[in-house]
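# give me a 3D structure for the following:
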Amino acid sequence: MFGILTLSKNIGKSIVHKLNGESLINKSTVNLLMTRFSSLDYSHRADTSKSDLGYGWIHYSLVRMIKPARVLCIGSRYGFIPAVLAQACKDNGRGHVDFVDAGYDSSSPNHWTGVGFWKTGKGKSVFKEFNLGKWITLYVMTTQNFSNKYKRLYDYIYIDGDHSYKGVSSDYKMFWPMLKAGGFMAFHDISVTGKKSEGEYGVAKLWKEISKRNAFSFNYSRSGLGVIQKH
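The predicted structure is shown next:
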């Protein structure tokens, strides 16, 4: 027994020595993901200089914890959060992300700062190029068309599409029934209020209405993130 304890202590010392001063995360992978999917200016509190995914850590951690069979992601300018969700599924070794974006650009009245990226060849191939193609499927269509065509159940849903009160309320009502009991629904931009050049934001209003129970929020940037669990 003494020999085993001594060996265990020696191994422990060796591990501590090797990890001393090292990060728990692979900084190069994090930085590459953030750069490839343009995370830096969209209020997710991400910081490449510190290998910090910002709000991305919340999504990544929840998906790693609950190990969902299917994830739904609504909206993204260049794919930062969809990529984080797909990476979490990949690291779990299970799960798949349905990523829905209408592909609107500034020519559409409902673009909400979209740039039409998902209608381009680069947009359609970017997840595959980052070795995430097996874990995510892009659907370039409106949420209404998607919900009419696909009847699926999800363990995790992220909503970052139409930011008007009418639009986000519609997405909430459409997809809440598709969320399994115990699952999580997350909303970006719960802290944004008022009228901007792209329209009048209403996510904060909806969040105030639905977050009375089983919800938690992060308001550490101008955007904010809210997460609610279904019971």
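
# quick one, longest strand in the chain?
If you go by DSSP state E, the chain has its longest strand at strand 179-188.

# tell me which strands the helix or strand following that strand pairs with, and in which orientation.
Proceeding N to C from strand 179-188, the next assigned helix or strand is strand 194-196, under DSSP states H and E. Paired neighbours of strand 194-196 in the sheet (DSSP bridges): strand 199-201 (antiparallel).

# pLDDT of the strand it pairs with, averaged?
For strand 199-201, the mean per-residue pLDDT is 95.

# got the buried residues for the following helix or strand past it?
Per DSSP H and E, strand 199-201 leads on to helix 203-210 as the next helix or strand towards the C-terminus. Across helix 203-210, burial judged by 16 or more other CB atoms under 10 Å covers V203, A204, L206, W207, I210. C-beta coordinates here come from the backbone N, C-alpha and C atoms, glycine included.

# if we can go back for a sec, for the longest strand of the chain, what is the distance to the chain centroid?
Centre-to-centre, strand 179-188 and its host chain are 12 Å apart (CA atoms, centre = their mean, to the nearest Å).

# poorly predicted segments of this structure, please.
Counting by pLDDT under 70, the ranges of the chain that qualify are 1-21, 39-42.

# so where do the helices sit in it?
Using DSSP state H, the helices of the chain run over residues 2-19, 27-36, 56-66, 80-92, 121-129, 143-149, 165-175, 203-210.

# at the geometric centre of this structure, which residue do we find?
The centroid of the chain falls nearest to I81 when counting by CA atoms, centre = their mean (3.5 Å).

# quick check: that one touching Y158?
Yes - if you go by CB atoms under 8 Å, I81 and Y158 touch, sitting 6.1 Å apart.

# joint contacts of the two?
H59, C73, H188 (CB atoms under 8 Å, 6 or more residues apart in numbering).

# I'd like those residues as a markdown table, with neighbour count and distance to K122 appended.
Shown next, in a markdown table, are the shared contacts of I81 and Y158 (neighbours: other CB atoms under 10 Å; distance: CB to CB, whole Å):
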| residue | neighbour count | distance to K122 |
| --- | --- | --- |
| H59 | 27 | 23 |
| C73 | 29 | 19 |
| H188 | 26 | 23 |
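
# which one of these is nearest W135?
C73 (11.6 Å; CB to CB).

# for T143, give its distance to G121.
24 Å (CB to CB, to the nearest Å).

# quick one: which of these two has more around it?
For T143 versus G121, neighbours defined as other CB atoms under 10 Å are more numerous around T143 (22 against 7).

# what's near enough to touch that one?
By CB under 8 Å, 6+ apart, the neighbours of T143 are I74, V100, A102, G161, D162, S170, D171, M174, F175.

# please apply the same query to W118.
By CB under 8 Å, 6+ apart, W118 lies in contact with D101, G103, K124, L138, V140.

# and which of the residues you listed is nearest S147?
For those, the nearest to S147 is D101 (14.0 Å; CB to CB).

# and for that closest one, nearest residue in space, chain neighbours not counted?
Spatially, and ignoring its direct neighbours in sequence, D101 is nearest to W118 (4.8 Å; CB to CB, 6 or more residues apart in numbering).

# and the one you found, how close does it get to V30?
In terms of CB to CB, W118 sits 23 Å off from V30.

# thinking again about what came up before, out of the helices of the chain, flag the one nearest N219.
The nearest among these, by CB to CB, is helix 203-210 at 10.2 Å.

# what number of residues lie near the closest residue to R70 other than its chain neighbours?
Spatially, and ignoring its direct neighbours in sequence, R70 is nearest to Y154 (5.1 Å; CB to CB, 6+ apart). Look at Y154: counted by other CB under 10 Å, it has 21 neighbours.
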